[in-house]
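[1] next come a sequence and a model predicted from it.
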Amino acid sequence: MACVVLVVALIANALAQRDLRERELERLRESLHERARLAAAVLEERPIAWSEVGVLDALADRAGAAAAARVTLIDPKGQVVGDSEVGLAQLGGLDTHSTRPEVEAARRDGLGHSLRRSDTVGRELLYLALALPGGGVLRVASELTGIEAAQVRLRWQLASAAAIGLGVALALSYLLGLLLQRPLLELRRVAASLAGGDLDSRLPLRWSAELGEIAGSIHRMGEQLRQRLAETTAEKERLQAVVEGMVEGVLVVDARGLLVMANDRWREFYGVWGELRGRRLLEVVRDTELHDLLEQAGAAEEPVSQELRSGRGAPRTLRVHATRFPASGRERLGTVAVFHDVSELARLEQVRRDFVANASHELRTPLAAIHGFAETLLGGGPLSEAERRAYLEIIDRHARRLTNIVSDLLDLARLERTEQRLELAEVDVGALVQRLLADAAIRFEEKQLAVSQRSAGDTRALADAGALEQILHNLVDNAIKYTDPGGRIELEVAGEERCVRVRVRDSGVGIPSQDLDRIFERFYRVDKARSRALGGTGLGLSIVKHLVQRMGGEISVESALGQGTCMSFSVPRSAGVQAAAAAL
């Protein structure tokens, strides 16, 4: 708008200047015409003698004073013979004026005028020439100072008006710009907020026409974006909850092999925490087998499955199923792998294999002995009575061993199926330990074992007396068997807040660290030869563990090879004791 005002002001100034100049020139020409006639009237007072230059110059001076203008007399030959502003001495040096436009027009039409710069006085003048009798010419000239002054005044007036108009235009433009810019700024602000994720930002729907339609469209777009984002977020949260709640580990990598997602279960498998997104798998887990499996799954059309071992934390056996996504036929976006922890299944399978092998071995030895000696007796060969009796005693011993093995297996089976009901009652564990040690005193003396027993606190527990006696008998029996003569055995009974804890500690041969996790398995023996020689079935500790757990207790072992063993188990306190402790 300001530019338009400025252009209009410049055009108006040019037009006004031109119109003013034309009017003033016309007025000045009329004025010069009157002055020329006045000067001609002065010259008509006497006849003109064109040769009397001095007289004519004086007449020109008089006529110029009377007309208030420059008066020039030009003879018929075009020579200046008088000039009110040029001295008599300089008249001879002036050029001929016969070719001046106004002089030629005056001689042709009787009156002529011209606007040009005077070479004589060096200023722009308006000339008006009037023909005189005898072929001479009277010329009157006037400067344009009045016109120039009027133009200057007009120029200043127009400049002032233009400045005022420009100021008003700028002010109006600024106000109009603010009025127009405000909704545009609001549009930009809301668009930027929506692009930045602030989907609650809205425009006031108070504008009309186009801006109102734009505001409505942005409002609807914001609502749609917020609704779709809410749906996407809810779907993502549901998917994240499902993935995080899975007992299987989930790992997702993109087409470049960069990690996209890993749930907590997978992190637990590999002992990896922190931010993983955007990192390469080998940077996080140095497992080349897993890396190769994912590469193979990304290139294959069908899912790939393999068993792996996790390298961190507790050793795990993982069954991994990996497949590319999306399905074949479209560009691969990445690979997803699901990790199933089959460690327990693998352990149970190993236990099953070991049990079958150990049970077969345990049963085969006595059966082979019985079969062999029975064949000898049935062979009818010459045997003395002592040999026959010895063979029968061997058969009897192995038969009893088989009976013990089968009996222990049946006990374990009943315990596992919870068919054997335990009669829980208040039992004084400390008194039971003393009675058991008294019964085994002869065995201690035979092996020259030093035995000690300590009780602390209230040792009453809620337990099955028979099961508890069987547990203590097995633990003490093992301590006697595996402690060399001259060793020591310590029994400690401690009444704790919620349970009674019993520790059976010996100075025997100890258990290697790699066998500690397996000693409660059926038929598992650390020293097979010594165990069989001592008459063990390999099922005692399994029975002990099941009985302790059936009574609601826990059992643990601490041992080092050559430094003895400490078997510790707990049974819950009796209800009466717990109530008394709570009252205190």
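    Right, received. Where do you want to start?
[2] residues contacting D83?
    For D83, the contact set (C-beta atoms under 8 Å, 6 or more residues apart in numbering) comprises D57, A60, R70, V71, T72, L73, L91, L94, T120. For the C-beta atoms, the positions are set from N, CA and C on the backbone; glycine is no exception.
[3] gap between the first one and V86?
    From D57 across to V86, the span is 8 Å (C-beta to C-beta, to the nearest Å).
[4] burial of D439, as a residue count?
    Using other C-beta atoms under 10 Å, D439 has 12 other residues around it.
[5] what about S98, which SS state?
    At S98, secondary structure determined by DSSP: H, G, I helix; E, B strand; the rest coil is coil.
[6] my read is that it contacts V80, right?
    No. Judged on C-beta atoms under 8 Å, S98 makes no contact with V80 at a distance of 10.4 Å.
[7] so, low pLDDT: which residues of the stretch 401-550 of the chain?
    Scanning the stretch 401-550 of the chain for pLDDT under 70 picks out 404-421, 522-538.
[8] and the helices in it?
    For the stretch 401-550 of the chain, helices defined by DSSP state H, counting those that start in this stretch occupy the ranges 429-439, 441-446, 465-481, 528-533, 540-550.
[9] quick check: which of those helices is nearest to L293?
    Taking C-beta to C-beta as the measure, the helices of the stretch 401-550 of the chain were each checked against L293, and helix 540-550 came out nearest at 38.1 Å.
[10] can I get the helix or strand just after the closest one in CSV? Just the C-alpha atoms.
    Next helix or strand after helix 540-550 toward the C-terminus (DSSP states H and E): strand 555-559. Output in CSV follows, covering the C-alpha atoms of strand 555-559 (Å, rounded to 0.1, in the frame of the first residue of the first chain):
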residue,chain,number,x,y,z
ILE,A,555,16.8,-78.2,52.7
SER,A,556,20.3,-77.1,51.5
VAL,A,557,23.9,-78.4,51.5
GLU,A,558,27.3,-76.8,52.0
SER,A,559,30.4,-78.8,51.2
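[11] got the angle for strand 555-559 vs helix 540-550?
    Orientation of strand 555-559 against helix 540-550 (axes from the mean of the first three to the mean of the last three C-alpha atoms, to 10 degrees) gives an angle of 140 degrees.
[12] so what does strand 555-559 touch, helix or strand wise?
    Strand 555-559 sits against helix 540-550, strand 565-572, with contacts defined as 3 or more C-beta pairs under 8 Å, 6 or more residues apart in numbering; DSSP states H and E.
[13] name every strand pairing with that strand and say which way it goes.
    Note on strand 555-559: by DSSP bridges, its sheet partners are strand 565-572 (antiparallel).
[14] and the partner strand, what's buried?
    By neighbour count on 16 or more other C-beta atoms under 10 Å, the buried set for strand 565-572 is T565, C566, M567, S568, F569, S570, V571, P572.
[15] how about the closest residue to the fifth one other than its chain neighbours, what does it touch?
    In this case it means F569. Of all residues not flanking F569 in the chain, I555 sits nearest, at 4.1 Å (C-beta to C-beta, 6 or more residues apart in numbering). By C-beta under 8 Å, 6+ apart, I555 lies in contact with F520, V544, K545, V548, Q549, M567, S568, F569, S570.
[16] which two of those residues have the greatest separation?
    Largest separation among these by C-beta to C-beta: F520 and S570, giving 15.6 Å.
[17] one step back: just put the helices of the stretch 401-550 of the chain in a markdown table and tack on distance to F269.
    Listed next are the helices of the stretch 401-550 of the chain as a markdown table, based on distance: least, C-beta to C-beta, whole Å:
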| stretch | distance to F269 |
| --- | --- |
| helix 429-439 | 42 |
| helix 441-446 | 49 |
| helix 465-481 | 37 |
| helix 528-533 | 35 |
| helix 540-550 | 28 |
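[18] do you know which of the ones you listed lies nearest A262?
    Counting by C-beta to C-beta, A262 lies closest to helix 540-550 out of the helices of the stretch 401-550 of the chain; the figure is 36.0 Å.
[19] quick one: the closest one to chain centroid distance?
    Its chain's C-alpha centre and that of helix 540-550 lie 53 Å apart, by C-alpha atoms, centre = their mean, to the nearest Å.
[20] that helix vs helix 465-481, what angle?
    150 degrees.
[21] list the buried ones in helix 540-550?
    By neighbour count on 16+ other C-beta under 10 Å, the buried set for helix 540-550 is G540, L541, S542, I543, V544, K545, H546, L547, V548, R550.
[22] any chance of these in TSV with distance to A374 as columns?
    Shown next, in TSV, are the buried residues of helix 540-550 (distance: C-beta to C-beta, whole Å):
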residue	distance to A374
G540	29
L541	32
S542	31
I543	30
V544	34
K545	36
H546	35
L547	36
V548	40
R550	39
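[23] closest to L383 among the residues you listed?
    Nearest to L383 among the buried residues of helix 540-550, counting by C-beta to C-beta, is G540 at 36.4 Å.
[24] which residue, other than its chain neighbours, is closest to the closest one?
    Leaving out its chain neighbours, the residue that sits closest to G540 by C-beta to C-beta, 6+ apart is N474, at 4.4 Å.
[25] domain parsing for this protein?
    2-149, 246-341, 347-416, 425-583 (automatic domain parsing).
[26] could I get those domains as CSV with distance to R189?
    Listed next are those as CSV, based on distance: least, C-beta to C-beta, whole Å:
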stretch, distance to R189
domain 2-149, 27
domain 246-341, 32
domain 347-416, 64
domain 425-583, 66
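[27] please convert the buried members of the contacts of D83 into ChimeraX selection syntax.
    Buried residues among those (16+ other C-beta under 10 Å), as a ChimeraX selection:
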select :57,60,70,71,72,73,91,94,120
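[28] restricted to strands, list the contacts of D83.
    If you go by DSSP state E, these have R70, V71, T72, L73 in strands.
[29] as a markdown table, the residues you listed with distance to S217 and pLDDT would be great.
    Listed next are these as a markdown table, based on distance: C-beta to C-beta, whole Å; pLDDT from 0 to 100:
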| residue | distance to S217 | pLDDT |
| --- | --- | --- |
| R70 | 79 | 77 |
| V71 | 83 | 80 |
| T72 | 82 | 78 |
| L73 | 88 | 79 |
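[30] out of those, the closest to L294 would be?
    R70 (110.4 Å).
[31] which residues does the closest residue to that closest one other than its chain neighbours contact?
    Once flanking residues are discounted, R70 sits nearest to A141: 4.3 Å by C-beta to C-beta, 6+ apart. Contact analysis of A141 by C-beta under 8 Å, 6+ apart lists L32, A69, R70, T72, S118, L125, L126, Y127, L128.
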